[in-house]
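In: Let me see the structure of the following:
(chains A and B)
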There are 2 protein chains.
Amino acid sequence: MQRIGIMGAGAWGSALAIAAARAGRAVILQGRDPQAMRAMAEQRENRRRLPGVRLPEAVEPTGEIERLGDCEAILLVVPAQVLRAALDTLAPHLPTETPLVICAKGIERSSGALMSEIVSERFSKQPQAVLSGPTFATEVGRGLPTAVSLASRDPALADDLVAALGSRTFRPYSADDPIGIEIGGAVKNVVAIACGIVTGRELGENARASLITRGLAEITRLALAKGGRAQSLMGLGGLGDLTLSCTSTQSRNYAHGLALGRRQDAPAGDDKPLTEGVATAAAVVALARRLGIEMPICEAVNAVLHGGETIEEAIELLLSRPFKAELS
Amino acid sequence: MQRIGIMGAGAWGSALAIAAARAGRAVILQGRDPQAMRAMAEQRENRRRLPGVRLPEAVEPTGEIERLGDCEAILLVVPAQVLRAALDTLAPHLPTETPLVICAKGIERSSGALMSEIVSERFSKQPQAVLSGPTFATEVGRGLPTAVSLASRDPALADDLVAALGSRTFRPYSADDPIGIEIGGAVKNVVAIACGIVTGRELGENARASLITRGLAEITRLALAKGGRAQSLMGLGGLGDLTLSCTSTQSRNYAHGLALGRRQDAPAGDDKPLTEGVATAAAVVALARRLGIEMPICEAVNAVLHGGETIEEAIELLLSRPFKAELS
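Out: Sure thing, here's the model as predicted:
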């Protein structure tokens, strides 16, 4: 693979474009706002979302979606809640053999669908992979060492993508359980909000560590119910990503929870990217109920965000729910 | 169980004494320095190790080890490297049926023995349990919510201890794999030093999250080789404790690594409790080699601490070691 397309030019899309260029690839970085993309091409920088990081010459920012048509793989890096609409715009330009790499994290609120399910619905035969792991975009942009899972049911595709995207500081590892990795990436945002709430209310780091632990257990239950494997959640796309999101104010979702816990207004506004876990909280709770899985942390977060529950009630739910044996 | 003995009056011993008192127990808190224990009894506070937290009336600080003799369970909270010597002083006063609860975390450097192995060697028939989890002592002392694993091969003993020590803010959960929990508690200190080194060298949070992930994998390999179960490492005594120690400057081991990474002198001195991971690093590497298990993170930390390796070489080992599939 020599030519990589990136659909979505936010912080993560831009960082992935830079990583692919560092790996020696030619990169088409496509965003939906033509004016912003022209500015990016002129300034050689995504000043709004990834300021201070120079775009290598091999990255070509563009607003024209048809430019993705001749790429050998396309990374989907649009926000989860708009992926379906984005695929509609991509469809006319997409050869059936081009692999699609899901880099968006989340569950569609309106349908409860995973990103991979949305892609399969729209393009039933397209080769698919999922890229996920502990990745703050600014660190990847700056060339700090980062490792991710690259999972596909087709091991040859995973290996090709590892070879195409890997460099000394950005190291994808091939894996074969895209569902597990995808669910890890989606649901960790909801657990990060919970951890933010508890930390914002100054309940301590012991409590947060317990929530992370129980959070991974409930993520694993959902992954198993959807056909994923528990072991995948022990890896970069599970535990790695969860730990990162639940312990750093660089995480929007954690910061959102912190603000809630401190009774501040959530850090929002027109200029801010949306906090993915807010939408996914509702989706994951609906999905868990449909599948008959207990996900008390996601339930508590959803009750605060969408059910009118107070923070106090949610904290009670998060910390005091009795259970007999730790790992039952 | 009404009467609980605590052997070791450092920060963690004192916090556990307070937790047991809050659970309604009478507590003998025994320390080896009679003068310090008298001061503690008068001041109703462990001013040196747990300042600012009042000892409840039900806690009786004492320097007299024979006072532990009529307790219904004894929590062993002395540092790992001196547990063997401490047991010798306890032996003359210990009824054979009194359960011993291992709360010290570490592996004996001179022998490679786990704490449970040291206890079994000395008292072959004594009932045993392990208490471990994400627990900063100051938070437990202040009554912030904390959950721990309480593991024993005897489920009835685990349940009795859960009932004796549990309160609204300190919640033990019974488990049945003491080896897994014990290894989680011991080796996380070494991984925390590694995470501190990488963070101190400003390599970013993505890199730290990857180290935590790979760290849990190598801890799990050791636990399996010693007869523990992988699933236990997904719980409070594994992932929970590891995450806490690897992301907070409250952790002495993490702080020690941070200082190394920043090329500062390690935070030591006569008045500071020792950094357990420094001794355990050597022990765990020797043990892993004997058992034929790969533990590259512990190897790298040990090479810096005891092998004359530079931080740069260790970081290269920590971050660049090639491996094929993430979870192989």
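
In: can you list contacts of stretch A:83-95?
Out: Stretch A:83-95 has contacts (C-beta atoms under 8 Å, 6 or more residues apart in numbering or on different chains) with A:7-8, A:32, A:65-66, A:68-69, A:74, A:76, A:78, A:104, A:108, A:115, A:118-119, A:122-123, A:126. Any C-beta I mention is one placed from the backbone N, CA and C, and that applies to glycine too.

In: List the ones among the residues you listed that fall in helices.
Out: A:115, A:118-119, A:122 (DSSP state H).

In: TSV for the residues you listed, including pLDDT and distance to chain B?
Out: What follows is the ones in helices among the contacts of stretch A:83-95, written out as TSV (pLDDT from 0 to 100; distance: C-beta to the nearest C-beta, whole Å):
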residue	pLDDT	distance to chain B
A:M115	97	20
A:I118	98	25
A:V119	98	22
A:R122	96	29
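
In: coming back round to it: now the contacts of stretch A:83-95: which count as buried?
Out: Buried subset of the contacts of stretch A:83-95 (neighbour count, 16 or more other C-beta atoms under 10 Å in any protein chain shown): A:7-8, A:32, A:65, A:68-69, A:74, A:76, A:78, A:104, A:108, A:115, A:118-119, A:122-123, A:126.

In: what stretches of the stretch 151-300 of chain A score poorly on pLDDT?
Out: Scanning the stretch 151-300 of chain A for pLDDT under 70 picks out the ranges A:265-273.

In: circling back: please narrow the contacts of stretch A:83-95 to those residing in strands.
Out: Within the contacts of stretch A:83-95, residues falling in strands by DSSP state E are A:7, A:74, A:76.

In: Which stretches in the stretch 1-150 of chain A count as helices?
Out: A:11-22, A:34-43, A:83-90, A:115-122, A:137-141 (DSSP state H, counting those that start in this stretch).

In: same thing with the stretch 201-328 of chain A?
Out: Using DSSP H, counting those that start in this stretch, helices in the stretch 201-328 of chain A cover A:205-225, A:241-247, A:252-261, A:276-291, A:296-306, A:311-320.

In: Sort out which residues of the last one are buried, please.
Out: By that I understand helix A:311-320. A:311, A:314-315, A:317-319.

In: Only alpha carbons, please: show it as CSV.
Out: Output in CSV follows, covering the C-alpha atoms of helix A:311-320 (Å, rounded to 0.1, in the frame of the first residue of the first chain):
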residue,chain,number,x,y,z
ILE,A,311,-24.7,13.5,40.3
GLU,A,312,-25.2,12.3,43.9
GLU,A,313,-27.6,9.6,42.9
ALA,A,314,-25.2,8.5,40.2
ILE,A,315,-22.2,8.3,42.5
GLU,A,316,-24.3,6.2,44.9
LEU,A,317,-25.0,3.9,41.9
LEU,A,318,-21.3,3.9,40.9
LEU,A,319,-19.8,3.2,44.2
SER,A,320,-22.2,1.5,46.4
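
In: okay, the angle between it and helix A:205-225?
Out: Calculated by axes from the mean of the first three to the mean of the last three C-alpha atoms, to 10 degrees, helix A:311-320 forms an angle of 80 degrees with helix A:205-225.

In: And for helix A:311-320, what's in contact with it?
Out: So helix A:311-320 is contacted by A:194, A:197-198, A:201, A:203, A:207, A:210-211, A:260-261, A:263, A:296-297, A:299-301, A:303-304, A:309, B:145, B:168 (C-beta under 8 Å, 6+ apart).

In: just the buried members of those residues?
Out: Here, 16+ other C-beta under 10 Å leaves A:194, A:197-198, A:201, A:203, A:207, A:210-211, A:260-261, A:296-297, A:299-301, A:303-304, A:309, B:145 buried among the contacts of helix A:311-320.

In: winner for burial among the helices of the stretch 1-150 of chain A?
Out: Mean neighbour count (mean count of other C-beta atoms under 10 Å in any protein chain shown) peaks for helix A:11-22 among the helices of the stretch 1-150 of chain A, with a mean of 26.

In: For it, enumerate the helices and strands it packs against.
Out: Counting by 3 or more C-beta pairs under 8 Å, 6 or more residues apart in numbering or on different chains; DSSP states H and E, the packing neighbours recorded for helix A:11-22 are strand A:3-7, strand A:26-30, strand A:50-54, strand A:59-62, strand A:73-76, helix A:137-141, helix A:155-165.
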